[in-house]
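*Asks:* what follows is a predicted structure for the sequence shown.
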Amino acid sequence: MTPDEAIREIEAGKPRPVYVVVGDEQVFAARVVAAARKHVVDAATAGFNVDVFEAGETPVNKIVDSANTMPMMARRRLIILRSVERLEKSEEKAKSSPSDALAEYVQSPSPSTVMLIVGSKLDGRRKLATVAKKANILVECAPLRPNMLPLFVREETKRRGHAIASDVADALVDLVGNELASLLDAIERLSLYVGDKQEITEEAVEACIARVRVGSVWGLSDAVAARDRATALRLLNENYDPRDRGLPLHGLLASSIRKMLKLRALLDSGASADEAAKRAGFPPFKAQEAARQAKRFKPGELERAVAIFAEADLALKGSKRPPLLVLEDAIVRLTS
């Protein structure tokens, strides 16, 4: 079960008695918990009907007793058990298995309680994992694949009432990185910046997140492919911001080259420009232009460019060289 599926059930007023919410992506787990807090219990009686436990700190039998307690002046109780992976760490010291005892409850839960068992992972060899899978109550909160992040950005901006172009969403991911919490923070700042129902534009990203123009980065990549060192260095200096040490600009450039490398490989394997661009992560309206740009690089040049940007990344983060000089040196090497 996905987090969205669990949330839809909860919001519809038809929650299951138990959800086992596990995975490394804490943003998704937190959303399931927030939905349960909002829709399973009323705010007026939450103080009587919500119990939160940390696994390993409270005996499982007390957690089960709480779950079997009748709700007070409400239809349901809500039990949240956090860090379930800690139960497995305590198995060695315990005479009986706490997670197995919890699995017994999961097999026959109280109909007037919703229990959320939350953690980063679950040992698939344990009875709890087997029971959760069989009952279809395992909510998997796995990190998104990199190619899914721009879609996540577009959906989150839409959720807040904003439009955002595909290339701007791509640029935001390249600037911020793949951590959903950081992306959500950036989207929230952009939402406040542009105002109610206004489009999140390249200019907004430039003003709010980093002083880097998406179009200029595209032009910079094209100048590198054309060995136009003068234009490449000019665009680099126009977009460099000493406040962020050039890290967002480097991230956009490195991402562009990695996508270009993947695009070139797909084209060489016989894929069409549209299909190759889509699979490489370029927006549809950039497909033909991206394909033309990729073909301008000679065999081995894109691989060399990836290595140069990797070295620049290490230098930006670990050396005492001026960041602009590091980036300029990378551009000179790329256009030699």
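*Replies:* Noted; the coordinates are in hand.
*Asks:* only C-alpha atoms for contact and neighbour calcs from this point on.
*Replies:* Will do.
*Asks:* need phi/psi at Val18.
*Replies:* phi -140, psi 140 (degrees, to the nearest 10).
*Asks:* hang on, it packs against Leu116?
*Replies:* Yes: between Val18 and Leu116 there is a contact under Cα atoms under 8 Å: 5.9 Å.
*Asks:* state the helix or strand in which Glu289 lies.
*Replies:* Using DSSP states H and E, Glu289 sits in helix 287-295.
*Asks:* report all helices and strands that the helix or strand that that helix is followed by contacts.
*Replies:* For helix 287-295, the following helix or strand on the C-terminal side (DSSP H and E) is helix 301-318. Helix 301-318 sits against helix 247-268, helix 323-334, with contacts defined as 3 or more Cα pairs under 8 Å, 6 or more residues apart in numbering; DSSP states H and E.
*Asks:* then the last one to CSV, C-alphas only?
*Replies:* Which is helix 323-334. Output of helix 323-334 as CSV, limited to C-alpha atoms (Å, rounded to 0.1, in the frame of the first residue of the first chain):
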residue,chain,number,x,y,z
PRO,A,323,34.8,28.9,-6.0
LEU,A,324,34.5,31.0,-9.1
LEU,A,325,38.0,29.9,-10.1
VAL,A,326,37.1,26.3,-9.6
LEU,A,327,34.1,26.6,-11.9
GLU,A,328,36.1,28.7,-14.5
ASP,A,329,38.8,26.0,-14.5
ALA,A,330,36.2,23.3,-15.1
ILE,A,331,34.8,25.3,-18.1
VAL,A,332,38.3,25.8,-19.5
ARG,A,333,38.9,22.1,-19.3
LEU,A,334,35.6,21.3,-20.9
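*Asks:* picking up where we left off before, would CSV of the helices and strands packed on helix 301-318 with mean neighbour count and mean pLDDT be doable?
*Replies:* Formatted as CSV, the helices and strands packed on helix 301-318 follow (neighbours: other Cα atoms under 10 Å; pLDDT from 0 to 100):
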stretch, mean neighbour count, mean pLDDT
helix 247-268, 21, 83
helix 323-334, 19, 91
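*Asks:* for Glu156, find the nearest of those helices.
*Replies:* Distance to Glu156, taken as Cα to Cα, is lowest for helix 247-268 among these, at 21.1 Å.
*Asks:* who touches the helix or strand just after that closest one?
*Replies:* Next along the chain after helix 247-268, taking DSSP H and E as the criterion, comes helix 273-280. Residues outside helix 273-280 that contact it (Cα atoms under 8 Å, 6 or more residues apart in numbering): 259-260, 262-263, 266-267, 283-284, 286-288, 290-291.
*Asks:* quick one: the strands in the stretch 101-250 of the chain?
*Replies:* Assigned by DSSP state E, counting those that start in this stretch, the strands in the stretch 101-250 of the chain fall at 113-119, 138-140.
*Asks:* check which helices and strands the longest one sits against.
*Replies:* When you say that, I think you mean strand 113-119. Short answer (3+ Cα pairs under 8 Å, 6+ apart): strand 113-119 packs on strand 18-22, helix 60-67, strand 77-82.
*Asks:* what angle do whichever strand or helix holds Val27 and strand 113-119 make?
*Replies:* Taking DSSP H and E as the criterion, Val27 maps to helix 26-39. In terms of direction (axes from the mean of the first three to the mean of the last three Cα atoms, to 10 degrees), helix 26-39 departs from strand 113-119 by 170 degrees.
*Asks:* report the buried residues of helix 26-39.
*Replies:* Residues of helix 26-39 classed as buried by neighbour count (16 or more other Cα atoms under 10 Å): 26-29, 32-33, 35-37, 39.
*Asks:* report the next helix or strand after it in sequence order.
*Replies:* Taking DSSP H and E, what comes next after helix 26-39 is helix 46-49.
*Asks:* show me what counts as buried in the helix holding Glu289.
*Replies:* Those would be 287, 290-291, 293-294, for helix 287-295 by 16+ other Cα under 10 Å.
*Asks:* as CSV, the strands of the stretch 101-250 of the chain with mean pLDDT and distance to Arg126 would be great.
*Replies:* Shown next, in CSV, are the strands of the stretch 101-250 of the chain (pLDDT from 0 to 100; distance: least, Cα to Cα, whole Å):
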stretch, mean pLDDT, distance to Arg126
strand 113-119, 96, 14
strand 138-140, 96, 14
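*Asks:* winner for burial among those strands?
*Replies:* Sort the strands of the stretch 101-250 of the chain by mean neighbour count, taking mean count of other Cα atoms under 10 Å, and strand 113-119 sits at the top with a mean of 25.
*Asks:* what pairs with it, and is each one parallel or antiparallel?
*Replies:* strand 18-22 (parallel), strand 77-82 (parallel) (DSSP bridges).
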